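>>> Quick one, what's the 3D model for this:
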Amino acid sequence: MTETKETNKRVKLFPPKHTPYPWSYIKHKDGRFVIGTGLSADPLDQSVPIALAVIPAEIGGDDAERKANARLMAAAPELYHMLSSVIEDIQYATAKKDGAKNACQPLTYLQALTLLSKLDGT
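Predicted coordinates for the structure are as follows:
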């Protein structure tokens, strides 16, 4: 986030472009994992699910590997949010010249910024 001169409010620099979270995953009886929003194993749940990705049982390694991949995909929006917040905090602190620039090695900061750009598609 950056601070505006008029209001001293912090403005989000990296607004997400992805489907809003929380995302989750479920495993179907046929062994495939589905990642998305509004997913529930509860047959009485009336929410409208949105499937974002499917990991078929036939590919993607064994059950433990496919489950780990599903967890990683389901956590992607929160990882994006956390990474963008860290970058924004570093930029904000650096702009304020309060010494936070030394809190993160320049290479680590550049790697985080590169990863966020990759996630953001920019």
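
>>> who are the neighbours in contact with the closest residue to Leu83 other than its chain neighbours?
Spatial nearest neighbour of Leu83, chain neighbours left out: Leu116 (5.2 Å); criterion: C-beta to C-beta, 6 or more residues apart in numbering. Any C-beta I mention is one placed from the backbone N, CA and C, and that applies to glycine too. For Leu116, the contacting residues are 14, 80, 83-84, 87, by C-beta atoms under 8 Å, 6 or more residues apart in numbering.

>>> Please apply the same query to Asn69.
Contacts of Asn69 were listed using C-beta under 8 Å, 6+ apart, and they are 33, 55, 60-61.

>>> how about the helices of this protein, start to end?
When assigned using DSSP state H, the helices of the chain occupy the ranges 63-96, 106-120.

>>> Buried deepest among those helices, which one?
Greatest average neighbour count among the helices of the chain goes to helix 63-96 (a mean of 16), per mean count of other C-beta atoms under 10 Å.

>>> From the chain's centroid, how far away is it?
4 Å (C-alpha atoms, centre = their mean, to the nearest Å).

>>> where does this protein dip in pLDDT?
Within the chain, the ranges that satisfy pLDDT under 70 run 1-14, 43, 46-48, 96-105, 107, 120-122.

>>> Tell me which residue is most central in it.
Geometric centre of the chain, nearest residue: Pro77, 2.4 Å, by C-alpha atoms, centre = their mean.

>>> now that residue, nearest residue through space, not along the chain?
For Pro77, ignoring the flanking residues on the chain, the nearest one in space by C-beta to C-beta, 6+ apart is Tyr21 at 3.6 Å.

>>> So the one you found versus Leu72, what's the distance?
Tyr21 sits at a distance of 14 Å from Leu72 (criterion: C-beta to C-beta, to the nearest Å).
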